[in-house]
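J.: Sequence and predicted structure below; questions after.
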Amino acid sequence: QVQLVESGGGSVQAGGSLRLSCATSGRTFSNLVMGWFRQAPGKEREFVASISRNGFTTNYADSVKDRYTISRDNAKNTMYLQMNSLKPEDTAVYYCAARWRPGVGLFRSPNEYDFWGQGTQVTVSS
């Protein structure tokens, strides 16, 4: 099992920034592919970003590319999401996810992840 705990959500005005963290425990963090997803009210959960086990490869949804940065610190068992130039349409519950299964890919689908955090609310006002 892997336990994931998100933090750093909150309310911000459009154009502002937030930094989300995802602290993990339970398995060797460096063996996990990690990802961020978000879900707005009435919408399906959507991919935001993913990062490879060693942190060298990242992948972003087009809607957040050039505004968000995903990173990880394997020494601290923690993943981050730096969100800049936030827009009202970024408002959602943000979830971190971990993949334990082997394999290669972009890992953009929720079905490709094995463990999930409880989510943290991000609200961007205009």
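T.: Noted; the coordinates are in hand.
J.: From what I see, residue 109 and residue 46 are in contact.
T.: No - taking contacts as Cβ atoms under 8 Å, residue 109 lies outside contact range of residue 46: 10.1 Å. For the C-beta atoms, the positions are set from N, CA and C on the backbone; glycine is no exception.
J.: Just the strands from this protein, written as ranges.
T.: With DSSP state E as the criterion, the chain has strands at 3-7, 10-13, 18-25, 33-39, 46-51, 58-60, 68-73, 78-83, 92-99, 115-116, 120-125.
J.: Adding distance to residue 105, mean neighbour count and mean pLDDT, write these out as CSV.
T.: Conversion of the strands of the chain to CSV gives the following (distance: least, Cβ to Cβ, whole Å; neighbours: other Cβ atoms under 10 Å; pLDDT from 0 to 100):
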stretch, distance to residue 105, mean neighbour count, mean pLDDT
strand 3-7, 20, 17, 97
strand 10-13, 32, 13, 98
strand 18-25, 20, 19, 97
strand 33-39, 9, 24, 98
strand 46-51, 9, 22, 98
strand 58-60, 9, 16, 97
strand 68-73, 16, 18, 98
strand 78-83, 18, 22, 98
strand 92-99, 9, 23, 98
strand 115-116, 17, 18, 97
strand 120-125, 26, 17, 98
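J.: quick one: stretch 7-19 to chain centroid distance?
T.: 14 Å (Cα atoms, centre = their mean, to the nearest Å).
J.: So which residues make contact with that stretch?
T.: 20-23, 80-88, 94, 120-126 (Cβ atoms under 8 Å, 6 or more residues apart in numbering).
J.: repeat for stretch 32-48
T.: 2, 20, 22, 24, 49-53, 60-61, 64, 68, 70, 72, 79, 81, 90-100, 107-110, 113, 119, 122.
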